[in-house]
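# Next comes the sequence, and after it the predicted model I'd like to discuss.
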Amino acid sequence: MPDAARTSLVITTRDGDVRGHGRGDVVSWKGIPYAAPPVGPLRFRAPRPPEPWTGILDGASFGAMAPQGRDGPVPMDPSIPIDEDCLTLNVWAPTPDGVRRPVMVWLHGGAYVLGSSAQRIYNGRNLSHLGEVVVVTVNYRVGALGWLDLSSFGTDDDIFETNIGLRDQIFALTWVRENIDAFGGDSANVTVFGESSGGASVTTLMTSPAAKGLFHKAIAQSAPATSVYGPERARVAAERFLELVDLTPERAGELRAMPVQQLVDAAEKLVYEVPEKVPGTLGFAPVVDGDVVPRYPVAAFQKGYAHDIPLIIGSNHDEASVFRMMKSPLMPVTSDTVSTMFEAIAVDHPDLSPARIAEILAAYPDLPKSAGALALSRDAGFRMPSLWIAEAHCRTSPTFVYRFDHATPVLRAARIGAGHATELPYVFGNFGTFDRDPTFWLGGRKAAQQVSRRIQRRWVAFAWHGVPAALDGSKHWAPYDERRRTLVIDARDTLVEDPDAELREIWGEKVLGFS
């Protein structure tokens with residue numbers, strides 16, 4: 001079939017028929033509801049099944065984005081509406097031909113407060129075409145509507161559930177299990193993958209009993225896996241949110257009828273207030289609730305409670321650089337804020353010796369400068385949580401660790417390097433997804449495309465077989481074990497034993513994070 005040929009294909013799902021639209025050998029079905037609109041009495045409640053529809057749902061357009069501000073640091077397509085009725089997903093698949101193909105389910109990032117499956121960088125067509133896989137991208141509730149823990153303010157007649165965004169993700173994975181075979185996918189071979197808060201959602205789901213059996217492999221990219229908090233910290237954030245909307249805890253039920261924009265505005269204030277007060281913490285994040293999240297995820301990995309499935313996990317060489325550029329408080333990027341972060345960690349860990357904190361800080365001699373603060377923040381937020389998980393998970397399951405080092409000349413010149421999220425266009429093969437993409441102003445497109453092909457081949461080989469091979473002469477990616485072999489991804493892939501050995505030894509095995 002020539003690439004220009006366009007087709008349509010109707011698939012019958014659990015809830016009704018949906019029409020897909022094809023270009024070349026890949027068909028997409030967009031905006032499929034996987035849950036009922038979470039409005040009115042369902043606001044701040046766990047997702048419910050959607051009402052079946054009659055006729056044929058046209059899958060030509062993405063569903064609405066979850067409520068959030070449009071003026072954030074991530075470019076959003078202004079044509080995509082924002083609405084509480086946002087619990088939809090999208091499917092890209094090779095034209096169904098009777099072959100059952102692996103399924104890759106993407107959870108977008110955005111610090112739990114922004115993002116959408118409709119972002120152009122997440123278009124699944126290229127990945128589906130290259131890898132002969134079924135790609136699913138998911139919308140879930142963000143900000144206060146998805147991650148505010150109001151459970152302690154509920155009553156028997158007015159219940160607020162915990163971890164709403166995580167429950168949305170689990171509901172979407174359940175939809176995949178029940179429906180994806182009709183699209184040519186294999187519901188017994190599902191890989192969940194995500195980046196940033198999406199990556200941390202992956203590692204959290206790997207320790208959630210409610211998610212067990214819904215996916216069979218996992219890829220966690222730049223996961224701030226320790227940004228999962230206890231009930232007390234979550235309650236303080238919820239109390240402050242209520243103050244911002246002029247409600248007392250006894251009146252929390254009035255949130256269900258409050259205009260959604262008022263909730264979004266308050267959430268944006270809280271997003272900035274929380275890390276400014278306690279650097280290194282987030283305003284919204286999963287909470288250890290004894291139910292969906294029974295334990296702190298990294299501790300659960302260390303105690304052997306994570307699901308026994310293959311895992312790819314890694315981080316980028318210069319994670320924190322983009323936060324300095326955006327002047328975002330989401331990560332501490334100055335020596336003062338980094339020091340304040342460690343002071344707060346010490347308060348949360350009274351058994352933590354001052355000597356250990358001093359030893360860690362001393363390992364970053366450039367700490368008084370921006371470079372040292374960025375390096376320490378990167379390791380505290382991303383690199384060490386990934387290594388703590390890998391160290392534990394490799395004892396029971398195949399585990400593969402990477403470090404993404406590749407950067408185009410303009411990113412190196414701008415001192416961004418391999419910053420947070422810069423690997424995303426490589427994974428999806430979607431370069432030039434911004435209206436004016438400066439990434440290649442100084443060249444480097446050909447090299448980037450070659451790196452992208454290798455990453456894509458590894459990711460889809462992992463989805464097919466559980467081993468991230470790239471059958472094009474690329475470096476063999478050995479599993480992580482006591483030798484701590486790590487794939488360093490750059491213009492050429494290299495397999496390096498324990499590339500961050502000195503820092504890893506100084507940080508130690510005891511998890512440093514906020515409770």
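Sure, I can see it. Numbering: from 1, shown residues only.

# Would you map the helices across the stretch 151-300 of the chain?
Secondary structure of the stretch 151-300 of the chain, counting by DSSP state H, counting those that start in this stretch: helices at 164-179, 197-205, 231-244, 260-277, 297-302.

# Make TSV out of those and add distance to A252.
No exception for glycine: its C-beta is placed from N, CA and C like everyone else's. As requested, those are exported to TSV (distance: least, C-beta to C-beta, whole Å):
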stretch	distance to A252
helix 164-179	14
helix 197-205	25
helix 231-244	6
helix 260-277	12
helix 297-302	27
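
# Pick the most buried one from those helices.
helix 197-205 (a mean of 28; mean count of other C-beta atoms under 10 Å).

# angle of that one against helix 164-179?
The directions of helix 197-205 and helix 164-179 differ by 80 degrees, with axes from the mean of the first three to the mean of the last three C-alpha atoms, to 10 degrees as the criterion.

# Run through the neighbouring helices and strands of helix 197-205.
strand 101-107, helix 164-179, strand 185-195, strand 217-221, helix 297-302 (3 or more C-beta pairs under 8 Å, 6 or more residues apart in numbering; DSSP states H and E).

# What's the local residue count around E391?
E391 has 18 neighbours, counted by other C-beta atoms under 10 Å.

# My guess is it contacts K510. True?
No - when contacts are counted by C-beta atoms under 8 Å, E391 is not listed as touching K510 (11.7 Å).

# Is it possible to get a markdown table of the helices of the stretch 151-300 of the chain that adds mean pLDDT and distance to A355?
Formatted as a markdown table, the helices of the stretch 151-300 of the chain follow (pLDDT from 0 to 100; distance: least, C-beta to C-beta, whole Å):
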| stretch | mean pLDDT | distance to A355 |
| --- | --- | --- |
| helix 164-179 | 98 | 37 |
| helix 197-205 | 98 | 30 |
| helix 231-244 | 97 | 26 |
| helix 260-277 | 96 | 27 |
| helix 297-302 | 98 | 22 |
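
# who wins for proximity to G115 among those?
Closest of the helices of the stretch 151-300 of the chain to G115 is helix 197-205, at 7.7 Å (criterion: C-beta to C-beta).

# Keeping just the C-alphas, turn that closest one into CSV.
The C-alpha trace of helix 197-205 is given here as CSV (Å, rounded to 0.1, in the frame of the first residue of the first chain):
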residue,chain,number,x,y,z
SER,A,197,6.4,11.8,36.2
GLY,A,198,5.2,9.3,33.6
GLY,A,199,8.4,7.3,34.4
ALA,A,200,7.8,7.6,38.1
SER,A,201,4.2,6.4,37.5
VAL,A,202,5.8,3.3,35.8
THR,A,203,8.0,2.6,38.8
THR,A,204,5.1,3.2,41.2
LEU,A,205,2.8,0.9,39.2
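
# Next, the angle strand 217-221 makes with that helix.
Interaxial angle, helix 197-205 versus strand 217-221 (the same axes, to 10 degrees): 140 degrees.

# which ones are touching A188?
Contacts for A188 (C-beta atoms under 8 Å, 6 or more residues apart in numbering) come out as H216.

# per-residue confidence at it?
Looking at A188, its pLDDT reads 98.

# What of Y480?
Value for Y480, per-residue pLDDT: 98.

# Does V27 lie in a helix or a strand, and which?
According to DSSP states H and E, V27 maps onto strand 26-33.

# so what strands line up beside that strand?
Strand pairing for strand 26-33, determined by DSSP bridges: strand 17-23 (antiparallel), strand 88-94 (antiparallel).

# Could you identify the helix or strand that succeeds that strand?
Per DSSP H and E, the first helix or strand lying C-terminal to strand 26-33 is strand 56-58.

# Can you give the contact residues for that next one?
V10, G16, D17, V18, R19, G31, I32.

# repeat that for 7 Å
Strand 56-58 is contacted from outside by V10, G16, D17, V18, R19, using C-beta atoms under 7 Å, 6 or more residues apart in numbering.

# now it, how far from the centre of its chain.
Relative to the centre of its chain, strand 56-58 is centred 29 Å away, using C-alpha atoms, centre = their mean, to the nearest Å.

# which residues of this structure score low on pLDDT?
Where the chain drops to pLDDT under 70, the residues are 1-5, 75, 327, 433-437, 471-473.

# What is the lengthiest helix in it packed up against?
The longest helix of the chain (DSSP state H) is helix 445-465. Applying 3 or more C-beta pairs under 7 Å, 6 or more residues apart in numbering; DSSP states H and E, one finds that helix 445-465 contacts strand 101-107, helix 125-131, strand 217-221, helix 424-428.

# C-terminal to it, which secondary structure element comes first?
Of the helices and strands lying after helix 445-465 in sequence (DSSP H and E), the nearest is strand 485-489.

# Export that next one to CSV, keeping only CA atoms.
The C-alpha coordinates for strand 485-489 follow below in CSV (Å, rounded to 0.1, in the frame of the first residue of the first chain):
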residue,chain,number,x,y,z
ARG,A,485,27.1,-2.5,33.1
THR,A,486,25.3,0.6,31.7
LEU,A,487,24.6,1.5,28.1
VAL,A,488,25.8,5.1,27.5
ILE,A,489,23.8,6.3,24.5
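
# Closest to the centroid, which residue in this protein?
Residue closest to the average C-alpha location in the chain (C-alpha atoms, centre = their mean): G198, at 1.0 Å.

# From I219, how far out is V488?
V488 sits 17 Å away from I219 when distances are taken as C-beta to C-beta, to the nearest Å.

# The residue lying closest to H129 once chain neighbours are set aside: what's it in contact with?
The shortest distance from H129 to any non-neighbouring residue, by C-beta to C-beta, 6 or more residues apart in numbering, is to V26 (5.1 Å). By C-beta under 7 Å, 6+ apart, the contact list for V26 reads W92, A93, P94, R125, S128, H129.

# Pull the number of nearby residues for F284.
Number of residues near F284 (other C-beta under 10 Å) recorded here: 27.

# Any figure for the gap between it and I82?
Distance, F284 to I82, by C-beta to C-beta: 17 Å.

# now swap in E276 and tell me
As for E276, its distance to I82 is 26 Å (criterion: C-beta to C-beta).

# Include distance to P67 and mean neighbour count when you put the strands paired with strand 26-33 into JSON lines, please.
Below are the strands paired with strand 26-33 laid out as JSON lines (distance: least, C-beta to C-beta, whole Å; neighbours: other C-beta atoms under 10 Å):
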{"stretch": "strand 17-23", "distance to P67": "24", "mean neighbour count": "18"}
{"stretch": "strand 88-94", "distance to P67": "14", "mean neighbour count": "25"}
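
# what does stretch 138-145 contact?
Contacts for stretch 138-145 (C-beta under 7 Å, 6+ apart): 38, 43, 63, 66-68, 86-89, 105-107, 110, 112-117, 146, 164-165, 168-169, 172, 241, 263-264, 266-267, 284.

# now the end-to-end length of it.
End-to-end distance of stretch 138-145 (C-alpha to C-alpha, to the nearest Å): 16 Å.

# looking at the strands paired with strand 26-33, which is closest to P499?
Among the strands paired with strand 26-33, the nearest to P499 by C-beta to C-beta is strand 88-94 (34.6 Å).

# thought R504 was touching S386?
No - R504 is beyond contact range of S386, at 10.8 Å (criterion: C-beta atoms under 7 Å).

# if you count what's nearby, which of these two comes out ahead?
Taking neighbours as other C-beta under 10 Å, R504 and S386 compare with S386 leading, 25 against 18.

# Could you check which helix or strand contains that one?
Here S386, judged by DSSP H and E, is contained in helix 384-393.

# What residues sit buried inside that helix?
For helix 384-393, a neighbour-count test (16 or more other C-beta atoms under 10 Å) marks M384, P385, S386, L387, W388, I389, A390, E391, A392, H393 as buried.

# Determine the angle, from 0 to 180 degrees, between that helix and strand 485-489.
Here the directions of helix 384-393 and strand 485-489 differ by 140 degrees (the same axes, to 10 degrees).

# what element comes up after helix 384-393 heading to the C-terminus?
Going C-terminal from helix 384-393, and assigning secondary structure by DSSP H and E, you next hit strand 399-404.

# Strands of the stretch 251-400 of the chain, start to end?
311-316, 399-404 (DSSP state E, counting those that start in this stretch).

# Great, nothing more from me.
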